[in-house]
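Asks: Sequence first, predicted model second:
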Amino acid sequence: MDEMAGRSVGIIALMERAGWAVARAIRARFAPCRVLVLCGPGNNGGDGHVAARYLERAGWPVQVALLAPPREGGPAAEAAARFSGRRVEFSAENAARADLVVDAIFGAGLDRAPSDTVMAVLRASRRLVAVDLPSFVNGLTGAVLAERPPYEVSVTFVRPKPGHVLYPGRTLCGEVVCADIGMPSDCIAHAQPRIFLNRPGLWSIPAMTAQDHKYSRGVVSLCAGRVMPGATRLAAAGARASGAGLVRISAGVSAEAYRLGAPGLVIDDAPLEALLEDTRRNVWLCGPGLTPDEVEDTLPLLVASKKCVLADAGALGWAAGAPEKLRGVSVITPHIGEFTRLFGAPGDDLVCAVRSAAGRIGAVVLLKGAVSVIAAPDGRVALNDHASPALATAGSGDTLAGVIGTLLAAGMPHWDAACAGAWLHGEAGLRAGNWPIVEALDAHLGDARAEAIDQARRLSCETDNLAVKRRA
Ligand SMILES: NC(=O)C1=CN([C@@H]2O[C@H](COP(=O)(O)OP(=O)(O)OC[C@H]3O[C@@H](n4cnc5c(N)ncnc54)[C@H](O)[C@@H]3O)[C@@H](O)[C@H]2O)[C@@H](O)CC1
Ligand SMILES: Nc1ncnc2c1ncn2[C@@H]1O[C@H](COP(=O)(O)OP(=O)(O)O)[C@@H](O)[C@H]1O
Ligand SMILES: [K+]
């Protein structure tokens, strides 16, 4: 994106707006105070010089400390030349003396852990604002290359980076301000983004319509087992609460136990092979509440009959160490333990690990966590931070599986359904108040779905209006 912008608007113009945005964000959040801007050798340092110039112009006492001089003839050198204010040594003493320190040392170009000198200066700083990212947070992965207390604000440009969203980097950035610096839209499109923040508009969920009937809304079917009926029932409840037309549990010889549950559920005791002949029942959940033997008796049949299968919980344990056994399923929803048992430890780069897992089994992989990572086999990845720690309670993963089942049954593409399901589940968690039990999430899923539909609609109206204005 930067390369293409360099050939059109020019990096120096973007740098000017970036530095201005940093100065503006600081002026909006802090009273005038002694500012030290720490500048590195690249364009991050260039942004720092521009910010220093604008703060000084606004009457703030500003000093710049240079880690290393910028490359001659480049845009950062030009920005440095335009700053004519005070320069001081790059030292911990100077950092400790400042009321506010602006970290413009490294940004997108960070490629190794910063030196001890750099870290000593940052650790001596009392209050910190980052240009783009803290200089020891990897923007692509959120990996943290050194220890330091959190920043107050990070001002980034054009789009937030994965490092602002993913843990542990997320905890260090403080408030993230994403400034529009006039990056031309053709440069953004040319970059072909493949990583998205999970928000309505990235996908759209079918709304209720006057002519809906239960089969048009979609049927969700679940495989149930003998020993853990709770998990299956939670998934079934999640599916119903998020708007499935009909939810059926295939329980075989255990059917009586499930018949005591919610009256709106249909319980089948016929052999699975017979149930699979019903062409209205295309979406199946397999795993919540199942033992490995029960998965072995069901999942291969579902896959062989070309149903759309979401595999979770017991089904992921069944395939531990042999993820190819899951080929043919549409979506899997592991938490980090299940993911590790399937594919090995993901390491620092979750996006890369989840994307490669999705490619390996040819299914959407949703790695659940405080920020969930949702990858499609074609390489698209969504990061879902629309969630609440209220969800960190046993069984909430079963609820999520049910919600995604509903969206698959409504005909959404697999990756869209997984992304939208994670968002609805998160929204229900946010609405459910303090310390909800898992069953309490269900009461909020209908409103969560309505909210997602509404937000996506508003966004598409805004886009249409913009297009009309542009044409005019
Ligand atoms: N996205 C955009 O469109 C724009 C980005 N801009 C800024 O440009 C930045 C990226 O600039 P650059 O690509 O020049 O990269 P940086 O300014 O982040 O750093 C690049 C230099 O630092 C060195 N380096 C990296 N890690 C180091 C370490 N640990 N110790 C010592 N040296 C290290 C690199 O070898 C390279 O020489 C962004 O973060 C942003 O602040 C803005 O100037 C304008 C527009
Ligand atoms: N701290 C947290 N913040 C946000 N969401 C969380 C947090 N902890 C867990 N979750 C969400 O709660 C769900 C827990 O699922 P899972 O680990 O499968 O639990 P279970 O197996 O008990 O159902 C996941 O969707 C996960 O993303
Ligand atoms: K920085």
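Replies: Thanks, I have the structure now. Numbering: from 1, shown residues only. Ligands and ions are numbered 1, 2, ... in the order given.

Asks: only C-alpha atoms for contact and neighbour calcs from this point on.
Replies: OK.

Asks: Tell me how far the residue of the stretch 351-472 of the chain found nearest ligand 3 lies from Ala358.
Replies: Nearest to ligand 3 in the stretch 351-472 of the chain, going by C-alpha to the ion, is Val351, at a distance of 22.0 Å. Using C-alpha to C-alpha, to the nearest Å, one gets 11 Å for the distance from Val351 to Ala358.

Asks: Identify the contacts common to these two.
Replies: Ala375 (C-alpha atoms under 8 Å, 6 or more residues apart in numbering).

Asks: of all the residues in this protein, which ones are close to ligand 1?
Replies: 2, 11, 14-15, 18, 41-45, 47, 106-114, 131-132, 157 (C-alpha under 6 Å from any ligand atom).

Asks: for the stretch 251-400 of the chain, what spans make up the strands?
Replies: With strands called from DSSP state E, counting those that start in this stretch, the stretch 251-400 of the chain shows them at 266-268, 283-286, 308-311, 331-332, 364-367, 372-375, 381-384.

Asks: any chance of these in JSON lines, plus mean neighbour count and mean pLDDT?
Replies: Output for these, formatted as JSON lines (neighbours: other C-alpha atoms under 10 Å; pLDDT from 0 to 100):
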{"stretch": "strand 266-268", "mean neighbour count": "21", "mean pLDDT": "97"}
{"stretch": "strand 283-286", "mean neighbour count": "29", "mean pLDDT": "98"}
{"stretch": "strand 308-311", "mean neighbour count": "24", "mean pLDDT": "99"}
{"stretch": "strand 331-332", "mean neighbour count": "30", "mean pLDDT": "99"}
{"stretch": "strand 364-367", "mean neighbour count": "28", "mean pLDDT": "99"}
{"stretch": "strand 372-375", "mean neighbour count": "28", "mean pLDDT": "99"}
{"stretch": "strand 381-384", "mean neighbour count": "25", "mean pLDDT": "98"}
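
Asks: and of those, who's closest to Pro292?
Replies: strand 283-286 (10.9 Å; C-alpha to C-alpha).

Asks: Direction included, what does the closest one pair up with?
Replies: strand 219-223 (parallel), strand 308-311 (parallel) (DSSP bridges).

Asks: Generate a markdown table for the ones you listed, with distance to Ala235 as supplementary columns.
Replies: Formatted as a markdown table, the strands paired with strand 283-286 follow (distance: least, C-alpha to C-alpha, whole Å):
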| stretch | distance to Ala235 |
| --- | --- |
| strand 219-223 | 8 |
| strand 308-311 | 11 |
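
Asks: got the contact list for the nearest residue to Thr291 once chain neighbours are set aside?
Replies: Distances taken as C-alpha to C-alpha, 6 or more residues apart in numbering place Gly314 nearest to Thr291, at 5.7 Å, with adjacent residues excluded. By C-alpha under 8 Å, 6+ apart, the contact set of Gly314 is 286-292, 295.

Asks: who wins for neighbours among these?
Replies: Tallying neighbours with other C-alpha atoms under 10 Å puts Pro288 at the head of those, with 32 neighbours.

Asks: Distance check, that residue against Gln211.
Replies: Distance from Pro288 to Gln211, by C-alpha to C-alpha: 33 Å.

Asks: pLDDT wise, what is Ala467 at?
Replies: At Ala467, the model reports a pLDDT of 66.

Asks: The helix or strand that contains Gly429 close to ligand 2?
Replies: Using DSSP states H and E, Gly429 sits within helix 414-431. No: between helix 414-431 and ligand 2, judged by C-alpha under 6 Å from any ligand atom, nothing touches; the nearest distance is 6.8 Å.

Asks: elements contacting that helix?
Replies: strand 331-332, strand 364-367, strand 372-375, strand 381-384, helix 396-409, helix 442-471 (3 or more C-alpha pairs under 8 Å, 6 or more residues apart in numbering; DSSP states H and E).

Asks: To Thr232, which of the ones you listed lies closest?
Replies: Using C-alpha to C-alpha, the helices and strands packed on helix 414-431 put helix 396-409 closest to Thr232, at 7.2 Å.

Asks: what's near enough to touch the residue most central in space within the chain?
Replies: Centroid-nearest residue in the chain: Leu383, 1.5 Å away (criterion: C-alpha atoms, centre = their mean). Contacts for Leu383 (C-alpha under 8 Å, 6+ apart) come out as 162, 165-166, 195-198, 371-374.

Asks: and it, how far is that from Val155?
Replies: With C-alpha to C-alpha as the criterion, Leu383 and Val155 are 20 Å apart.

Asks: same thing with Ala448?
Replies: Ala448 is 30 Å from Val155, by C-alpha to C-alpha.

Asks: Next: Glu338.
Replies: Taking C-alpha to C-alpha, one finds Glu338 at 36 Å from Val155.

Asks: more neighbours, those two?
Replies: Val155 (26 against 22).

Asks: And that one, what's its pLDDT?
Replies: 98.

Asks: Identify the bridge partners of it.
Replies: Applying DSSP bridges to Val155, the residues it is bridged with are Val131, Val177.
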